[in-house]
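In: Got a predicted structure plus its sequence, pasted below:
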Amino acid sequence: MTEKRVALVTGSTSGIGLSIASKFAAMGYDVAINSFEAEADVADALSALTGYGASVRYFQADLSLSGGGYDLVGDVVSAFGQLDVLVNNAGIQKVAPIEDLPPADWDRIVAVSLDSAFHTIRAALPGMTGRGWGRIINVASAHGLRASPFKSAYVATKHGVVGLTKAVALEAAEKGVTVNAICPGYVWTPLVAAQIADQARVHGMSEEQVVREVMLAPQPTRQFVQPEEIAALAAYLCGDMARSITGSAISIDGGWTAK
Ligand code: NAD
């Protein structure tokens with residue numbers, strides 16, 4: 001890499017986001033990490049990332065707040081001088097039949113995953129197009145391409161993220177900025193571990209059955225995707241050899257959406 005790159009990964013103190021941030025730090029990027037977490041998790045994430053010798057800074061921002069993503073990008077640009085790579089990764093989940101899904105949970109899920117991506121992209125894109133280079137990666141889901149029961153807000157949000165990705169890709173296509181969605185199947189992270197009990201309740205199954213019959217059954221490989229696999233794909237999308245990949249929803253789901 002000849003030029004310095006600055007990357008922001010939202011929701012990056014754990015799981016997939018932390019893995020992507022680690023990959024970027026290992027590639028020599030300056031990295032902005034973000035979350036809305038307890039301080040202990042932030043300290044752990046920062047110490048994991050500083051091991052690479054990259055410049056890493058933490059930005060607390062609640063992306064459920066309208067405009068939170070817009071302000072976050074402003075803070076990152078103030079601190080690092082520019083933003084070249086934006087990964088919209090923050091996301092939350094709620095497993096419930098739609099009639100039992102509190103409207104506040106619907107609002108929060110849409111706000112954290114979809115609205116925040118609108119706000120961060122709106123803030124970040126002008127700088128990228130002005131410099132003629134940028135990468136926007138939205139972490140959607142296999143649920144951006146397929147539905148499952150009891151996940152109405154999550155499925156609607158992730159389909160929205162895929163649509164947002166395509167629209168912005170077309171707007172940025174001639175300006176050196178690519179915009180893609182990564183669509184993972186089940187990845188073993190705190191978000192997945194936290195939903196096992198809810199899945200067991202709504203499906204009337206044991207937790208072991210949930211892992212086997214709900215999570216791994218749709219994935220023909222019958223294994224969880226690892227966060228490092230998502231990070232490697234994000235890194236590839238940031239390379240110059242990926243300049244023609246834009247507006248894509250890239251599956252990394254053990255064959256789930258091939259069916
Ligand atoms: P995770 O729970 O480990 O991480 C989610 C991150 O989002 C955390 O850092 C959390 O602090 C952050 N976050 C949550 N609410 C926030 C808020 N209001 N403001 C700022 N940050 C907030 O989850 P994960 O499994 O690593 O998921 C990361 C992304 O990948 C999500 O968008 C998720 O939908 C998507 N995804 C996950 C899987 C999977 O199986 N784990 C599959 C497909 C897609």
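Out: In hand now; what should we look at? Numbering: from 1, shown residues only.
In: Output the longest helix belonging to this protein.
Out: With residue count as the measure and DSSP state H as the assignment, the chain has helix 152-172 as its longest helix.
In: what mean pLDDT would you report for stretch 161-172?
Out: Taken as a whole, stretch 161-172 has an average pLDDT of 99.
In: before we move on, what SS does the residue in the stretch 51-200 of the chain that the ligand sits nearest to have?
Out: Proximity of the stretch 51-200 of the chain to the ligand (CB to the nearest ligand atom) peaks at Gly91, 2.2 Å away. To be clear about C-beta, it is placed using only N, CA and C from the backbone, and glycine gets the same treatment. Three-state call for Gly91 (DSSP: H, G, I helix; E, B strand; the rest coil): coil.
In: In the chain, where is pLDDT below threshold?
Out: 1-2, 37-38, 40 (pLDDT under 70).
In: Run through the residues of it sitting next to the ligand.
Out: For the chain, the residues in contact with the ligand (CB under 6 Å from any ligand atom) are 11-17, 34-37, 61-64, 89-92, 112-113, 139, 141, 184, 186-187, 189-192.
In: Go through the residues you listed and flag which are in helices.
Out: Per DSSP H, the residues of the chain next to the ligand map to helices at 15-17, 190-192.
In: Enumerate every residue touching the residue nearest to the spatial centre of the chain.
Out: The C-alpha lying nearest the average C-alpha coordinate of the chain belongs to Asn89 (CA atoms, centre = their mean; 1.9 Å). By CB atoms under 8 Å, 6 or more residues apart in numbering, the contact set of Asn89 is 9-12, 16-17, 20, 139.
In: hmm, which of these are the buried ones?
Out: With burial judged by 16 or more other CB atoms under 10 Å, the buried subset of those is 9-12, 16-17, 20, 139.
In: Quick one: list the elements packing against the longest helix of the chain.
Out: Secondary-structure packing of helix 152-172 (3 or more CB pairs under 8 Å, 6 or more residues apart in numbering; DSSP states H and E): helix 103-110, helix 116-131, strand 134-139, strand 177-184, strand 249-252.
In: Could you save those as a markdown table and add columns showing distance to Gly81?
Out: A markdown table is the format used below for the helices and strands packed on helix 152-172 (distance: least, CB to CB, whole Å):
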| stretch | distance to Gly81 |
| --- | --- |
| helix 103-110 | 32 |
| helix 116-131 | 10 |
| strand 134-139 | 15 |
| strand 177-184 | 18 |
| strand 249-252 | 30 |
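In: and the chain, what are its domains?
Out: 6-185+225-243, 186-224 (automatic domain parsing).
In: Tell me which of the ones you listed is the most buried.
Out: Highest mean neighbour count of the domains of the chain: domain 6-185+225-243, a mean of 20 (counted as mean count of other CB atoms under 10 Å).
In: Kindly check the end-to-end length of that domain for me.
Out: 18 Å (CA to CA, to the nearest Å).
In: Can you verify Tyr58 is assigned to a helix?
Out: No: Tyr58: not assigned to a helix; according to three-state DSSP it is strand.
In: Might you report the residue contacts of Ala61?
Out: So Ala61 contacts 10, 34, 36, 68-69, 71-72, 75 (CB under 8 Å, 6+ apart).
In: If we ignore the residues flanking it in sequence, what's nearest it?
Out: Excluding the flanking residues, the one nearest Ala61 by CB to CB, 6 or more residues apart in numbering is Leu72, at 4.1 Å.
In: Might one say that the one you found is in contact with Leu63?
Out: Yes: contact criterion CB atoms under 8 Å: Leu72 and Leu63 qualify, at 7.3 Å.
In: Spell out which residues are contacts of both of the two.
Out: 10, 34.
In: mind checking how far the residue of the chain most remote from its centre is from Ile196?
Out: In the chain, the residue that sits farthest from the middle, by CA atoms, centre = their mean, is Gly204; the gap is 29.9 Å. Note on Gly204: its distance to Ile196, by CB to CB, to the nearest Å, is 14 Å.
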